[in-house]
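> Curious how this folds, go ahead:
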Amino acid sequence: MMNKILNSRYNFSLLTSSKWFVFFFITCLALGLRLHHLDYESLFVDEILQVSYYKETFFEVIKGAIQQQQPPLDYLVGSLFYKLSESDYMIRFPAALWGTGSVLLIMFLSSTFASWPIAAFSGLIMALSPYHIYFSQEARPYSIPVFFLLAMLTSLQYLLTSNRVRARSYFLFFILCFAFLLSRTLSPLATYVSLGTILFIQFAIDLAKNGFLEKTSFYPQQTRLIVILIILSVSLLLYLPLFLKILQFGQSYLNETQVHNLEYFISRLSEFSFNDIRQAWFVQLEPFAILFSILYGLSLVFIFSEKNKNEHTLICLLTVLFPLSFFIHYTVFRLHTSFPFRPPYAIYLLPMALLLSSYSLEKIRILLTRYNQENTLKFVTIIASVIIISTAIITVADFKSIRKKSDWREVGKYLSEQYSTESLIVYSTLEPSKHWQPEFAFFSRYYYGQSFRASMAELTEAKNKLVQITIRPVLLIFHYRNYFLTSHSRFPFIPDIRQSPFEWQLSKWPEDLDLKSFTGFSLITLNNKNPDISHVNTADQIHYMIDSILPAAPQDSALVESHITAASLTPEKYMQHKLYHIEQAKKMARIDQHILFEREENN
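This is a model prediction of the structure:
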């Protein structure tokens, strides 16, 4: 039985019941893991912003997606599910479906060049991948491009290797290509352009060797490859107007001086970091990053030593497509924005690494079988399977046990219960200036109280009103942090923009203020140890609270806004104190320029 399983190969027309059962089981497992705790964590700011467009009309949804510098496909699909229910669960449900579909597709695609147990292994790894589960539970365009990438590659594999191709197969390939481009902005486009470039070069080489309309070095005739290139070109041309529209909004990443500064572009290219590649690899392939590094290296050795490369069309493509996609994606990203390159951005990494690793495992299986090492193969397969599956299950359990997103829901619930009326909730953030800041306007999704709300920046203009009232202020402070998939993760999948994690210096914490911590938030209120302060006007209460917490906060440019607000709320008779806050704000801004920025941005 073991020999039968190990030696069986996938065939498009001949399917064994054992294989179908295993594929079905892994797909159900993937779906269950992605639906479990689907709404366990509250929507993050980017998710809430995307969801805010779902209630709009068809064209308004498209416009909203473009404003967020994304193609509209994920937004349009999400808006359909939003009509069924506005719950967090339903909002994330499409992502779970895309993620589950990706698991099925990678098994299907892997089985075209590897034995079906190896294909099932690839699907199981993706099904249990903490990274893939996380982004299959995120209402953002992360799981959808992976699905359409695998669907497009599956269709391409069929077109390049089948004996007979009908028109409907070409049409399906066109639909999948266009959908892939509409799934996300930069990473699909980089992969798409890389794929077209590789196929065009292959066509040009074959044309030079064999002449026009002769059989190519691939299995199909040149006419088939020409049609594929035409489809890729037409899809790209149809997408181009939308992409140019997205770029108009995307220029906010760089200011006009940087966009037209050749020296700036060259300096950005010189900052190429292999650490970005390493972090993306370890995050997406956790907990088997080292194992898949070895298998990926072996895949290169095997493919270059392959005598008949015509039988391994897809693998030959992936061998070049994988690094070329990353190079183009990373280069354009570095030129287009000063933001850091985060591990999730390389959406092609996980599926392509798994496909190439499946090829390596298949070659190892064939080598051991060829040298009559069936018993060794069985033993190694059983031991390795037990170790890998056990490790994967433990990792998934760890992944499911920890919160990762900022807990907007719990904060909103607590404030709704404790400060529903007669309070002023002041939003602020302790993040370095000129970096990403959360939009508290969407806090109303989870806060159902009636208290007044204002950002720290709005207090300056509202000072005249604040000095006339005595309602109780509450400081709600957001702070970013490293997002880790598990408690043992080597790298964060969303790194903190700070050099060190945010922490209050509790030894300097004032006794008359209470601090309540949530994931990603600090809630600060006055207690009863200083009853006199609660009787003064709201402006003075806020000023006192800011003054008191500043020594306990990280001393960097995150305090610039707090110092400016404190200066504006300081009574005129305390001019020296006002000047102190202004000088501190300037000092913190200089710290930001020299320590936290990669370079001074010419805004």
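
> Let me see the ranges of the strands in the stretch 301-450 of the chain.
With DSSP state E, counting those that start in this stretch as the criterion, the stretch 301-450 of the chain has strands at 423-429.

> And the helices in it?
Along the stretch 301-450 of the chain, the segments classed as helices by DSSP state H, counting those that start in this stretch run 313-336, 349-370, 374-401, 408-418.

> Report the residue spans of the stretch 451-600 of the chain with pLDDT below the cut-off.
Low-confidence segments of the stretch 451-600 of the chain (pLDDT under 70): 497-501, 534, 590-600.

> how about the helices in it?
Going by DSSP H, counting those that start in this stretch, the stretch 451-600 of the chain shows helices at 463-466, 538-549, 560-569, 575-591.

> For A208, find the nearest of the ones you listed.
Comparison of those against A208 by C-beta to C-beta identifies helix 575-591 as nearest, at 59.5 Å. Just so you know, the C-beta spots here come from the backbone N, C-alpha and C atoms, and that holds for glycine as well.

> Pick out the residue closest to the middle of the protein.
By C-alpha atoms, centre = their mean, the chain has its centre lying nearest to P344, at 3.7 Å.

> now for whichever strand or helix holds F121, which elements pack on it?
F121 is part of helix 116-127 when elements are defined by DSSP states H and E. Applying 3 or more C-beta pairs under 8 Å, 6 or more residues apart in numbering; DSSP states H and E, one finds that helix 116-127 contacts helix 17-35, helix 88-110, helix 349-370, helix 374-401.

> what's the most buried one of those helices?
Highest mean neighbour count among the helices and strands packed on helix 116-127 (mean count of other C-beta atoms under 10 Å): helix 88-110, with a mean of 23.

> For that one, give the mean pLDDT please.
Taken as a whole, helix 88-110 has a mean pLDDT of 98.

> Quick one: list the elements packing against it.
Helices and strands touching helix 88-110, by 3+ C-beta pairs under 8 Å, 6+ apart, are helix 17-35, helix 45-51, helix 73-84, helix 116-127, helix 130-135, helix 143-161, helix 349-370.

> Which pLDDT value goes with F339?
pLDDT, F339: 76.

> Kindly report the same for K4.
At K4, pLDDT is 44.

> now L213
Predicted confidence (pLDDT) for L213: 62.

> same question, R224
88.

> what packs against the helix or strand hosting it?
Assigned by DSSP H and E, R224 belongs to helix 222-250. Counting contacts by 3+ C-beta pairs under 8 Å, 6+ apart, helix 222-250 is packed against helix 58-67, helix 143-161, helix 167-181, helix 186-210.

> quick one, which of the ones you listed is nearest to I303?
Closest to I303 of the helices and strands packed on helix 222-250 is helix 186-210 (C-beta to C-beta; 13.9 Å).

> Need the contact partners of that closest one.
By C-beta atoms under 8 Å, 6 or more residues apart in numbering, the surrounding residues in contact with helix 186-210 are 145, 148-149, 156, 177, 180-181, 214, 216-218, 222, 225-226, 228-229, 232-233, 235-236, 243, 317, 320-321, 324-326, 328-329, 332-333, 336, 345-348.

> Mind giving me the ChimeraX command for buried ones among the residues you listed?
In ChimeraX, this line selects whichever of those come out buried by 16 or more other C-beta atoms under 10 Å:
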select :145,148,149,156,177,180,181,216,218,222,225,228,232,235,236,243,317,320,321,324,325,326,328,329,333,336,345,346,347,348
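
> So which of the helices of the stretch 301-450 of the chain is nearest L160?
Smallest distance to L160 across these (C-beta to C-beta): 4.8 Å, for helix 313-336.

> Columns mean pLDDT and distance to F442 on top of the helices of the stretch 301-450 of the chain, output as a markdown table?
Below are these laid out as a markdown table (pLDDT from 0 to 100; distance: least, C-beta to C-beta, whole Å):
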| stretch | mean pLDDT | distance to F442 |
| --- | --- | --- |
| helix 313-336 | 92 | 26 |
| helix 349-370 | 95 | 30 |
| helix 374-401 | 91 | 26 |
| helix 408-418 | 94 | 8 |
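
> Now tabulate those helices in JSON lines and tack on distance to S548.
Formatted as JSON lines, these follow (distance: least, C-beta to C-beta, whole Å):
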{"stretch": "helix 313-336", "distance to S548": "42"}
{"stretch": "helix 349-370", "distance to S548": "46"}
{"stretch": "helix 374-401", "distance to S548": "36"}
{"stretch": "helix 408-418", "distance to S548": "21"}
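
> Out of these, flag the one nearest G123.
The nearest among the helices of the stretch 301-450 of the chain, by C-beta to C-beta, is helix 349-370 at 8.6 Å.

> Pick the most buried one from the helices and strands packed on helix 222-250.
Mean neighbours per residue, mean count of other C-beta under 10 Å, is largest over the helices and strands packed on helix 222-250 for helix 143-161, with a mean of 24.

> Contacts only, for N482.
N482 neighbours (C-beta under 8 Å, 6+ apart): 492, 494-496, 501.

> And L459, how far from G78?
Per C-beta to C-beta, to the nearest Å, L459 is found 35 Å from G78.

> what does K307 give?
K307 is 48 Å from G78, by C-beta to C-beta.

> before we move on, back to that, counting neighbours, which bits of the helix holding F121 end up buried?
Using 16+ other C-beta under 10 Å as the test for burial, helix 116-127 gives 116-127.

> Then stretch 407-423?
Residues of stretch 407-423 classed as buried by neighbour count (16+ other C-beta under 10 Å): 407-415, 419, 423.

> Looking at those residues, spot the one nearest L485.
Nearest member of those to L485, counting by C-beta to C-beta, is D407, at 17.2 Å.

> Chain neighbours aside, what residue packs nearest to the closest one?
Nearest non-adjacent residue to D407, counting by C-beta to C-beta, 6 or more residues apart in numbering: T519, 4.0 Å away.

> Over to H479?
F502 (4.3 Å).

> try Q468
Excluding its sequence neighbours, the residue lying closest to Q468 (C-beta to C-beta, 6+ apart) is N537, at 6.8 Å.

> dump the residue contacts of that neighbour.
So N537 contacts 466-470 (C-beta under 8 Å, 6+ apart).

> Mind checking which of those residues are buried?
L466.
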